[in-house]
Structure formats: C-alpha cells, structure tokens
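# Turn this into a model:
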Amino acid sequence: TASVCHGHPQNAPDSRQTKWQYPSVPRDDSIIDQKFGVSWSDPYRALEDLSDPSTTKFIDAQNDLTQQFLASDQLHEEIHSRVAQVVHREEKSTPTHHGDYFYFNKNSGLQNHSVYYVSKDLNPQTAEVFFDPNKLSEDGTVGVRNYFFSKSGNYVAYTVVTNGSDWSQIQYMTTPQVTDNIIKHGESEVINWVAVYGAYWTHDDRGFFYSRYPQRGSGEANGKDTSLRANHSVYYHLIGTSQDDDILVFTCRDPAYMARSYVTSDGQFLVVWSDIMRVMKLGQDGSFSPDKEFQDFPMITRENDSLIPTGGTHFYFLTNRNAPRKKIIKLDIANPDQGTVDVVPQHQDAIIEDVWVVRHTVFVIKYMRSVTHILALHDFARPDQPSKYINIDEKDKISIPSISSQKDDDFFFFSTSSYQNTGAVYRHTFHSSMSMDGTLDVVWRNKLSIPPMVDTVVEQEWFASKDGTQIPMFIYRRAADRAKQGSKIPCILSGYGAFGITRMPSFSPLFYTWVQHLDGMVAAVNLRGGGAFGDAWHDQGRKEKKQNTIDDFISASEALEEMGYTTADRIGAMGRSAGGYLVAAALNQAPERFGAVSSTVGAYDMLKFFQFTGGSRWIHKHTFGDPDVKSEFLALHKLSPYHNISDDAKIKYPPVLVTAGDNDDRLPPFHSYKYISQLQHIRGSMDDSPFLLKVYKNTGHGDVMPVSVSIEQSADKLTFLS
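Below you'll find the model as predicted:
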C-alpha cells in the first residue's frame with residue numbers, strides 16, 4: 001500500500017550531524033544584497049555559473065545521493081515499469097489540414113518523440129511517415145517543437161530543439177504536394193537564435209517571418225546561457241538565401257516584451273505584437289516589401305488583446321477590456337478612429353479561453369465553466385443568430401487541449417482529455433454553408449494498452465480558504481475510497497496558481513499510476529493567481545496578493561483532512577514551474593501540513609528571477625511582481641523560498657525532492673541548486689527528513705522531452721512519495 005514517505009531508507013548514509021551525508025557546497029556568507037532598507041544574503045551565488053566545473057561536480061554529487069535513496073526502495077523498479085506500461089500506448093494527435101493533405105503526430109508507445117504522418121483521407125492504416133524526429137538523435141535529446149505550413153500547403157517550416165532548450169533552429173522542407181524542386185530535411189538553410197515562436201509564411205511562398213534574439217558570441221545558442229534576453233526582433237527570411245541576408249522588420253527594445261509576428265489568413269497584412277499591435281500592408285500577392293511602414297494601433301495591446309485570424313480590414317480580437325471573463329470585439333483598421341465594436345459579449349458565468357475560425361465567418365469558441373471546457377459556434381456574419389453549443393458525449397469532466405481549423409474549411413477537429421481517460425479526437429462537419437448544424441464524428445480514440453485495475457471517480461469539491469474565499473479542487477480517487485472519519489488515503493496535492501493559467505482535467509500517467517497502482521488519490525486545486533474564474537481570480541493571486549495563492553494551497557491540505565479523505569502526514573505537495581515555487585513557499589509557511597514535497601523546475605530566488613533569461617517577462621505578466629517596486633519587492637522578499645527557510649528547531653520539515661533540468665533556460669536550474677543547498681544547510685542538522693536534488697541531464701523546462709526521461713521523472717517522484 002502506498003503512503004507518503006516519512007523518512008529515509010534503512011541503508012541511508014550517516015554523517016556527523018544528521019543521518020544524511022549531504023555533499024559539501026562552497027558557501028559565502030559575505031555576499032549581502034540590499035534594497036529598500038532590506039538586507040539579505042545569497043551564500044550560494046557561485047552556483048549560478050552553470051559552466052563552472054564545481055557546479056557540475058555539485059550536480060553529480062547531489063544526483064548520486066538521490067539515486068542511492070531511490071534505488072534503495074524496492075518499489076522503484078516496479079513503479080518505473082508501471083509508469084512505462086501506462087505510457088506504452090498508441091497515441092495520435094489532433095489532425096491539421098493543409099492544402100490537399102492531413103497531418104498528425106503518432107507515437108507507437110515508447111518512441112522518444114511522436115512521428116509526423118501525412119494522409120489524404122485520415123486513414124491511419126494508409127498514412128505515410130512525413131517526418132520522424134527520432135532520427136535527429138539516437139538518445140532523443142533532439143526533437144521538434146512545432147510545424148508551420150505555408151498557406152498553399154507546399155512548404156512546412158519546423159523548429160528543431162536540442163536538450164529541451166527554449167532556443168530552437170528553424171528549417172523547412174517541401175510537402176508531398178510539390179513534385180519539382182523538392183527540398184528534404186537537412187537541405188534547407190538553418191535559422192538560428194530563435195526562441196519560443198515559429199515561422200509565418202507570406203502567401204507567395206517565397207519566405208517567412210520569424211522572431212529571434214541577437215547572436216551571442218560566435219557559437220550556437222546554448223541553453224546554459226542564463227544572461228538576460230533582450231532586443232527580440234522580427235525578421236523576414238527569403239527561402240534559398242543565407243540568414244545573414246535576412247531583413248530586419250521590427251525590434252522590441254523593452255526586455256519585458258517579445259515581438260511576435262502573424263500573417264493574416266488572407267495574406268494581406270503582417271501583424272506584429274510587442275507592447276501594442278502594429279500592422280503592415282503586404283502585396284496583393286502576399287509578398288513582402290521592406291520599404292513598407294507599420295501603422296501603430298495603441299488601442300490594441302498585448303496586455304489585453306489577442307488577434308483572431310479572420311482576414312480583411314475588420315480585425316477581431318479576444319479581449320478582457322471591461323470584460324473579466326473576456327469578449328470578442330472588432331476594429332476596422334482602415335477606420336480606427338471609429339473604435340471597437342462588441343461582437344460576442346462576455347458570458348454570464350463562463351470564460352472565453354480561445355477562439356478559432358472555420359467556414360469563413362464562424363467562430364469556434366472554447367468556453368470554460370467551473371473548470372470544464374465547452375464548445376460553441378457563432379457566425380459573426382449573422383449576428384442575430386444565437387450561438388450553438390456542441391454536445392460532446394463524454395462521461396468524464398473533460399478538457400479540450402487542442403482545436404484545429406482552417407478558415408476555408410467546412411470542418412474542424414478537436415481533442416478531449418480527462419484524469420481517467422486518454423481522450424478522443426473529434427471532427428465536426430457542417431451540414432451546409434447556411435446552417436450551424438453539423439455532424440460530430442470520432443476520428444480516433446487514444447486507448448490505454450492495459451485496462452484499469454479499479455473503478456475511479458472524479459469529483460469537484462469546494463472549500464474555504466484562509467480569508468473565506470471558496471476554492472474548487474478536483475478529487476481523483478478510487479471509487480471505493482470514500483471520505484470518512486479517520487481515512488488516511490495517500491494523497492498528491494497538486495497546484496499551480498500563476499499567469500492566469502488554469503490547470504484543467506487532463507490525463508497524466510503519473511496521476512493515473514498513483515491512483516490505479518499505488519492506492520492513492522489526487523487533489524488538483526484551482527488556486528487564485530490562475531484563470532479559473534477570469535481576471536478577478538488572477539488578480540487575487542498576484543503581486544502583493546500572491547500570499548492568497550499560498551493560503552489557498554495550505555487551506556486545501558486542511559480541507560482534505562476535514563473532509564475525511566486523509567491526514568496531513570499522508571499529503572504529498574507537488575508542483576512544477578510556478579507550482580514548484582508554490583509548494584516550496586507553502587512548505588516554509590506550514591511544514592506540518594505536508595508529509596512530503598515534490599518541487600520541479602521551480603523558481604526559488606524571487607529577488608533575482610528578473611535578471612536572467614526571460615525572467616523580466618514575468619514582471620510584464622504581473623504574476624510575481626516587480627522587485628524594483630517597493631511594495632512588490634517586500635511581498636517577494638517575504639515569500640521567496642530560498643530566503644525564508646525556517647531555522648526554528650522546534651518545527652520539523654518533511655522530506656523534499658527538488659528536480660530540475662540542467663539545460664533549462666526558461667527558469668535556470670541554479671534556482672534549484674541554491675534552494676536545495678540552503679535547505680540542506682539550515683535544516684540538515686534539525687530534521688531526519690531527506691532533502692534531495694535530482695538533475696536530469698540534457699533536458700530543459702519540460703517540453704520536447706524524450707519519453708524515456710518523462711517516464712524516469714514520474715517514476716522518481718512516485719517512488720519518493722510512496
């Protein structure tokens with residue numbers, strides 16, 4: 001029977017002060033920083049140098065200790081096998097339609113990366129391999145983040161990623177539609193210094209726009225380069241020419257923003273977003289001319305608006321202006337002085353998450369209500385017609401992770417997912433050009449290779465946070481494990497609560513293995529700071545109000561005990577990225593509320609995060625706050641996990657596992673290195689609990705990761721908690 005860990009294996013190494021012989025880490029207590037009359041130390045600053053041999057030695061020593069702990073658990077290999085069984089299933093993605101062909105990803109089970117297939121009729125039996133990223137490297141450390149097709153469907157650009165970095169290279173090739181002048185993988189020129197965004201083709205098929213940072217040094221982009229990234233710029237690349245000849249289109253001087261480009265669906269305009277929207281007219285044939293100038297639209301901002309690709313001079317946007325649950329507006333860019341017009345008002349109790357366009361004038365609107373997705377269709381050419389909701393025959397509480405549509409098609413695709421099932425892919429086809437009615441067909445279902453061992457249920461529970469605010473959380477458990485007085489069900493308590501992002505019900509091999517094979521339950525909390533109930537919900541958990549997010553998470557632990565599901569010592573707090581910060585901050589404030597903590601790729605030094613890689617953008621997104629603003633700095637100082645580890649010997653910290661990727665350039669891994677070193681130093685002599693670090697080599701923040709590493713990470717966390 002699984003239980004949240006309470007100690008260490010019997011053969012754990014001894015030390016002078018504690019049962020754990022932690023690696024020796026150089027510490028410099030003379031490093032003192034000051035701001036707004038506050039002083040604080042940064043004794044492990046040397047670990048910020050990721051290329052220093054002593055940092056590599058530190059990583060190896062920490063990994064050796066953690067691996068010894070995990071290997072000593074007789075369940076480790078069995079758990080790894082269980083996770084692999086869950087992952088080992090054929091899975092196909094939501095198709096996309098370009099030109100005469102459909103494209104989709106398929107993974108046969110344990111391939112490190114999904115293979116990209118092409119088909120004329122979406123028959124998986126006759127579909128052919130278009131591109132196999134597994135051939136890019138033997139160990140899976142090189143993969144593809146995304147594919148970007150030209151309007152004609154003749155060309156596709158793709159972003160190649162190495163070691164999970166946010167840096168990528170753009171390459172391109174022709175598709176099966178092209179029979180002359182065929183370009184295969186590896187035959188195109190390579191575009192370097194690209195981060196996050198992809199390629200957006202002009203409709204004349206002569207080239208594409210892309211965004212990049214300035215070249216640093218003489219080498220290629222390196223994920224271990226943690227310096228602040230600035231001067232993000234849009235360039236135009238003419239295919240068949242060197243990147244050195246690319247045309248600079250726009251540069252964003254504020255490091256808090258990035259510059260993103262779009263080509264409108266009719267090919268007539270280039271749109272660039274940074275702080276505001278800028279639009280450039282392209283040629284009638286979609287061609288780009290560098291002598292054209294941008295028109296600024298300061299009333300449309302990155303902060304509030306996102307473009308819906310409809311074409312023409314009437315631009316449509318999803319906005320939160322005077323609409324905390326969001327609405328759709330339009331602006332005639334030929335007559336901007338007329339202002340914006342509401343097209344789809346905000347819903348009374350649901351949030352518009354995203355919008356796609358199909359059949360020329362139909363919006364496919366993804367709403368979120370009570371942390372479950374619903375789909376609606378709205379014809380903006382016939383505003384008097386009511387929106388039509390799509391009835392999805394799914395028994396579970398679902399999310400809709402992906403939607404795929406083309407403006408000129410009379411059909412679109414979408415996928416579903418839930419905690420209990422890997423989901424399905426649907427195709428909605430309109431009956432006629434005048435009707436909103438259509439046929440909904442299952443394209444394929446992604447099924448587990450092994451049947452579930454027990455029946456499970458998912459319920460949404462509500463509880464009161466510290467200030468009385470009602471907070472929802474999903475409970476995923478075995479059907480037989482009902483709440484009752486004295487229950488001690490091992491529980492993973494998961495949270496995020498940042499950037500207005502909502503964690504929806506979705507399939508997780510880790511959660512599935514925990515519930516099905518380790519007798520556990522999962523509580524996934526929709527914390528303030530996320531986006532579960534619109535802008536107001538986000539606002540209540542950011543900047544000076546970030547404490548609310550942590551209070552919500554601690555209150556969730558208390559509520560699980562009050563509801564009769566479990567006890568504090570059986571609760572394992574789990575979070576990644578901003579969720580990693582969350583669980584570490586909650587640990588400092590209420591260590592007695594958790595039996596163990598698993599924190600992945602987290603942010604822990606909140607007084608310096610803005611000085612590295614893309615950290616300044618977190619200020620722009622207003623989640624953590626600006627350390628240069630006194631009130632926001634003081635809030636950060638109070639919550640920063642690295643700076644607030646308790647030195648009170650009267651309290652006890654539970655076991656902690658911190659995991660990181662050594663090539664993570666979104667949130668540099670030295671956050672994890674410094675935090676675990678401080679935790680081991682302060683608490684190592686006070687607690688019997690292990691405080692461990694596992695660094696996964698040649699991986700980044702978590703995307704474009706080999707399946708083998710994903711399985712290893714899940715198995716390590718489950719072993720630690722079991």
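
# use CA for all of it now, contacts and neighbours both
OK.

# For this structure, which strand extends over the most residues?
Across the chain, the longest stretch assigned as strand under DSSP state E is strand 191-201.

# If you count contacts, what does the helix of greatest length in the chain end up packed against?
Longest helix in the chain, counting residues (DSSP state H): helix 53-71. Applying 3 or more C-alpha pairs under 8 Å, 6 or more residues apart in numbering; DSSP states H and E, one finds that helix 53-71 contacts strand 691-696, helix 707-721.

# CA atoms of it as CSV?
In CSV, the C-alpha atoms belonging to helix 53-71 read as follows (Å, rounded to 0.1, in the frame of the first residue of the first chain):
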residue,chain,number,x,y,z
PRO,A,53,33.3,22.6,-13.2
SER,A,54,32.5,22.9,-9.5
THR,A,55,28.8,23.3,-10.4
THR,A,56,29.0,20.1,-12.5
LYS,A,57,30.7,18.4,-9.5
PHE,A,58,27.8,19.6,-7.3
ILE,A,59,25.2,18.2,-9.6
ASP,A,60,26.9,14.8,-9.8
ALA,A,61,27.2,14.6,-6.0
GLN,A,62,23.6,15.5,-5.4
ASN,A,63,22.4,13.0,-8.1
ASP,A,64,24.5,10.2,-6.5
LEU,A,65,22.8,10.8,-3.1
THR,A,66,19.3,11.0,-4.6
GLN,A,67,19.8,7.9,-6.8
GLN,A,68,21.0,6.0,-3.8
PHE,A,69,17.9,6.9,-1.9
LEU,A,70,15.6,6.0,-4.8
ALA,A,71,17.4,2.7,-5.6
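
# what does that helix rub up against?
8-9, 12, 22-23, 25, 47, 49-50, 76, 692-695, 716, 719-720 (C-alpha atoms under 8 Å, 6 or more residues apart in numbering).

# Got a quick ChimeraX command for the buried subset of those?
The ChimeraX command for the buried members of the contacts of helix 53-71 (criterion: 16 or more other C-alpha atoms under 10 Å) is given here:
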select :8,9,22,23,25,47,50,76,692,693,694,695,716,719,720
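
# Redo the helices and strands packed on helix 53-71 as CSV? Include mean pLDDT.
Output for the helices and strands packed on helix 53-71, formatted as CSV (pLDDT from 0 to 100):
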stretch, mean pLDDT
strand 691-696, 98
helix 707-721, 97
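
# Can you lay out these as CSV showing distance to G602?
Listed next are the helices and strands packed on helix 53-71 as CSV, based on distance: least, C-alpha to C-alpha, whole Å:
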stretch, distance to G602
strand 691-696, 12
helix 707-721, 15
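
# A323: which of those is closest?
Of all the helices and strands packed on helix 53-71, helix 707-721 sits nearest to A323, with 39.0 Å by C-alpha to C-alpha.

# Return the set of buried residues in the closest one.
Buried, per 16+ other C-alpha under 10 Å, within helix 707-721: 707-721.

# Show the secondary-structure elements that the longest strand of the chain is packed against.
Packed against strand 191-201 by the contact rule (3+ C-alpha pairs under 8 Å, 6+ apart) you find strand 142-149, strand 155-162, strand 167-174, strand 207-212, strand 260-263.

# if we go to 6 Å?
On a contact count with 3 or more C-alpha pairs under 6 Å, 6 or more residues apart in numbering; DSSP states H and E, strand 191-201 meets strand 167-174, strand 207-212.

# D535: what's it in contact with?
Taking C-alpha atoms under 6 Å, 6 or more residues apart in numbering, we find D535 in contact with P324.

# Tell me where the stretch 1-150 of the chain has strands.
With DSSP state E, counting those that start in this stretch as the criterion, the stretch 1-150 of the chain has strands at 32-35, 38-41, 91-92, 96-98, 101-107, 115-119, 128-131, 142-149.

# Remind me what the shortest one packs against, helices and strands.
Just to be clear, that refers to strand 91-92. strand 101-107.

# contacting residues around the strand it packs on?
Against strand 101-107 from outside (C-alpha under 6 Å, 6+ apart): 90-93, 95-96, 114-120.

# Identify all contacting residues around stretch 190-204.
148, 150-151, 166-171, 207-210, 212-213, 221, 267, 286-287.

# quick one: buried residues of the longest helix of the chain?
Quick answer for helix 53-71 (16+ other C-alpha under 10 Å): 55, 58-59, 61-63, 65-66, 69-70.

# Out of the helices and strands in this protein, which is least certain?
helix 616-620 (a mean of 65; mean pLDDT, DSSP states H and E).

# Report the next helix or strand after that helix in sequence order.
helix 630-639 (DSSP states H and E).

# give the contact list for I374.
Taking C-alpha under 6 Å, 6+ apart, one finds 366-367 in contact with I374.

# Tell me the bridge partners for it.
Y367 (DSSP bridges).

# again, but for G661
Going by DSSP bridges, G661 forms beta bridges with Y696.

# which residues does it contact?
695-696, 699-700.

# Likewise for P95?
Contacts of P95 (C-alpha under 6 Å, 6+ apart): 103-104.

# which residues touch A498?
529-530 are the contacts of A498 under C-alpha under 6 Å, 6+ apart.

# Starting from D551, give me the distance back to it.
14 Å (C-alpha to C-alpha, to the nearest Å).

# same deal with G520?
For G520 relative to D551 (C-alpha to C-alpha), the value is 24 Å.

# Please compare these two by neighbour count and tell me which comes out ahead.
Higher neighbour count among G520 and D551: G520, with 26 against 19, using other C-alpha atoms under 10 Å.

# Go ahead and confirm that one touches I492.
No: in terms of C-alpha atoms under 6 Å, G520 does not count as a neighbour of I492; the distance is 7.6 Å.

# Output the buried residues of helix 53-71 as CSV; include the columns distance to N231 and pLDDT.
What follows is the buried residues of helix 53-71, written out as CSV (distance: C-alpha to C-alpha, whole Å; pLDDT from 0 to 100):
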residue, distance to N231, pLDDT
T55, 30, 96
F58, 34, 97
I59, 32, 98
A61, 38, 97
Q62, 37, 98
N63, 37, 98
L65, 42, 97
T66, 40, 97
F69, 45, 95
L70, 44, 96
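
# how many degrees apart are the longest helix of the chain and strand 691-696 in direction?
Helix 53-71 runs at 110 degrees relative to strand 691-696, counting by axes from the mean of the first three to the mean of the last three C-alpha atoms, to 10 degrees.

# Listing request: residues of the stretch 551-700 of the chain with sub-threshold pLDDT.
Across the stretch 551-700 of the chain, the ranges flagged by pLDDT under 70 are 618-622.

# show me where it has strands.
Going by DSSP E, counting those that start in this stretch, the stretch 551-700 of the chain shows strands at 571-576, 596-600, 656-661, 691-696.

# mind putting the ones you listed in CSV, distance to R253 included?
Shown next, in CSV, are the strands of the stretch 551-700 of the chain (distance: least, C-alpha to C-alpha, whole Å):
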stretch, distance to R253
strand 571-576, 31
strand 596-600, 32
strand 656-661, 30
strand 691-696, 34
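
# Nearest to P345, out of these?
The nearest among these, by C-alpha to C-alpha, is strand 571-576 at 34.7 Å.

# Please enumerate residues in contact with that closest one?
Contacts of strand 571-576 (C-alpha under 6 Å, 6+ apart): 491-495, 594-602.

# Just name the closest of those to G37, please.
Distance to G37 across these (C-alpha to C-alpha) is lowest for G602, with 27.4 Å.

# And G283, how far from F553?
The value you get for G283 to F553, if C-alpha to C-alpha is used, is 54 Å.
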